[in-house]
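[1] Sequence unavailable; structure follows:
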């Protein structure tokens, strides 16, 4: 049972807990009774060994098992009595000596979710966004679709940027064996060759033979890194990208009867995407206003977990060479805002009785699978590898439901 609660800070509490002797003793006797039924001790029939022998042989192990079971139970009861929500594992501050038939007292420190006074989220005013689809946006998508259907066809013209060329070359280096390469296919302007090399190809035609000299950077992914070799080259083939016309044939190739229906679908998809982004913008505005209007401290463990997660993603991407401390300093305001938003959403969701059902999780899995072109099983494996459970996914669905609730409650004023 809870004996007292002490405020270490607004987000950290010290709980003094006492486990009654009779509660512990009852569990120990139950354990000893079970052990007596199962024990096989020489000289006694099964289940008939004297209790003092059972206690001598199994007592310490049973006591340890009972404490391992009963301490968390009374800790959770104490947390409920204290009306706090832990956000980190409790830390036992004082060592304790367990003695039979005596109450067990312990003191734990634990970080808790902060109390937010005067939680107000009704009728937050946000700007409405006018959404429209312009013709040039549709044209951009159609051009991209045409590029995806592009093919490379043999050309008799001179080499241009972006062409696929097939070449033979020989590099003669003093004191070294000649480097000979046959049927090398490369895209002019791409790959481990400097622009100087491609400039030497420009304007040349099929079957033409010539020499190109080019300097390769030290960090180049090429056997010629740090050198300036002279290539004796023969062009064997030139292929140029051919884009299909944006017409009914392209539409049919993409599964539509005509170009008009394809344009309608493109317009629909762009409009849907813009509406989703407009909704996310309104949700961000709601969260920003809620954070501004509610002042509270952030638990250190949640803040460190948020920053640690972001740093792990940065390290996995390998795109930032700064120290963790430098990154942490830059991320701190963003991480603090993110944790505050999460706490507010949690409090509002609990107050409004918002829950996540199995059907909600299944729907989210299907949506994510369609969005990322993977199977729902792969989404599940990702969360299991990341969190060890689907709790992270469920929490994400919970926050989405709370944000939709807030958006439905918001006052939308006309905006651009």
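    It's in. Treat the numbers as computed from the prediction; the structure is a model and nothing was measured. Numbers count the residues shown, from 1 in each chain.
[2] This structure: helices as residue ranges?
    21-38, 51-82, 135-148, 195-201, 248-253, 259-293, 300-317, 324-351, 358-372, 376-387, 391-409 (DSSP state H).
[3] Any chance of JSON lines for those helices, columns distance to residue 1 and mean neighbour count?
    C-beta: built from backbone N, CA, C; applies to glycine. Formatted as JSON lines, those follow (distance: least, CB to CB, whole Å; neighbours: other CB atoms under 10 Å):
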{"stretch": "helix 21-38", "distance to residue 1": "9", "mean neighbour count": "15"}
{"stretch": "helix 51-82", "distance to residue 1": "7", "mean neighbour count": "15"}
{"stretch": "helix 135-148", "distance to residue 1": "65", "mean neighbour count": "13"}
{"stretch": "helix 195-201", "distance to residue 1": "77", "mean neighbour count": "17"}
{"stretch": "helix 248-253", "distance to residue 1": "73", "mean neighbour count": "15"}
{"stretch": "helix 259-293", "distance to residue 1": "37", "mean neighbour count": "15"}
{"stretch": "helix 300-317", "distance to residue 1": "26", "mean neighbour count": "15"}
{"stretch": "helix 324-351", "distance to residue 1": "25", "mean neighbour count": "16"}
{"stretch": "helix 358-372", "distance to residue 1": "36", "mean neighbour count": "13"}
{"stretch": "helix 376-387", "distance to residue 1": "33", "mean neighbour count": "14"}
{"stretch": "helix 391-409", "distance to residue 1": "30", "mean neighbour count": "17"}
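[4] Let me have the ones you listed in TSV, extended by distance to residue 158 and mean pLDDT.
    Shown next, in TSV, are those (distance: least, CB to CB, whole Å; pLDDT from 0 to 100):
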stretch	distance to residue 158	mean pLDDT
helix 21-38	89	90
helix 51-82	78	91
helix 135-148	23	94
helix 195-201	9	95
helix 248-253	29	94
helix 259-293	34	94
helix 300-317	41	90
helix 324-351	49	94
helix 358-372	43	90
helix 376-387	47	86
helix 391-409	55	93
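[5] now the ones you listed as CSV including distance to residue 177?
    CSV is the format used below for these (distance: least, CB to CB, whole Å):
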stretch, distance to residue 177
helix 21-38, 79
helix 51-82, 71
helix 135-148, 42
helix 195-201, 21
helix 248-253, 49
helix 259-293, 56
helix 300-317, 40
helix 324-351, 48
helix 358-372, 49
helix 376-387, 48
helix 391-409, 57
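[6] close enough to count as contact, residue 54 and residue 34?
    No - Residue 54 is beyond contact range of residue 34, at 9.9 Å (criterion: CB atoms under 8 Å).
[7] who wins for proximity to residue 88 among the helices of the chain?
    Among the helices of the chain, the nearest to residue 88 by CB to CB is helix 300-317 (4.1 Å).
[8] Contacts for the closest one next, please.
    11, 87-88, 111, 320, 324, 327-328, 331-332, 335-336, 338-339, 342-343 (CB atoms under 8 Å, 6 or more residues apart in numbering).
[9] cool, stretch 384-402 as well?
    In contact with stretch 384-402 (CB under 8 Å, 6+ apart) are residues 342, 345-346, 348-349, 352, 354-356, 360-361, 364-365, 379-380, 383.
[10] again, only using 10 Å
    Here stretch 384-402 makes contact (CB atoms under 10 Å, 6 or more residues apart in numbering) with 121, 283, 287, 309, 341-342, 344-352, 354-358, 360-361, 363-365, 367-368, 379-380, 382-383.
[11] Nearest to residue 62 among the contacts of helix 300-317?
    residue 88 (30.6 Å).
[12] tell me the contacts of the closest one?
    Applying CB under 10 Å, 6+ apart to residue 88 gives the contacts 11, 12, 109, 110, 111, 112, 299, 300, 301, 302, 304, 305.
[13] likewise residue 230?
    Contact analysis of residue 230 by CB under 10 Å, 6+ apart lists 170, 171, 172, 173, 211, 212, 213, 214.
[14] same thing with residue 407?
    Going by CB under 10 Å, 6+ apart, residue 407 touches 124, 126, 279, 280, 282, 283, 285, 286.
[15] any idea how far residue 396 is from the last one?
    Going back to what we said before, that points to residue 286. Here residue 286 is placed at a distance of 17 Å from residue 396 (CB to CB, to the nearest Å).
[16] ditto for the first one
    Summarising the geometry, the distance separating residue 124 from residue 396, computed by CB to CB, is 22 Å.
[17] The fifth one now?
    Counting by CB to CB, the separation of residue 282 from residue 396 is 19 Å.
[18] cool, the fourth one as well?
    Remark: distance between residue 280 and residue 396 (CB to CB) = 14 Å.
[19] In contact with the residue nearest to residue 366 when sequence neighbours are not counted, which residues?
    Using CB to CB, 6 or more residues apart in numbering and skipping the chain neighbours, the partner closest in space to residue 366 is residue 376 (6.3 Å). Applying CB under 10 Å, 6+ apart to residue 376 gives the contacts 362, 364, 365, 366, 367, 368, 369, 370.
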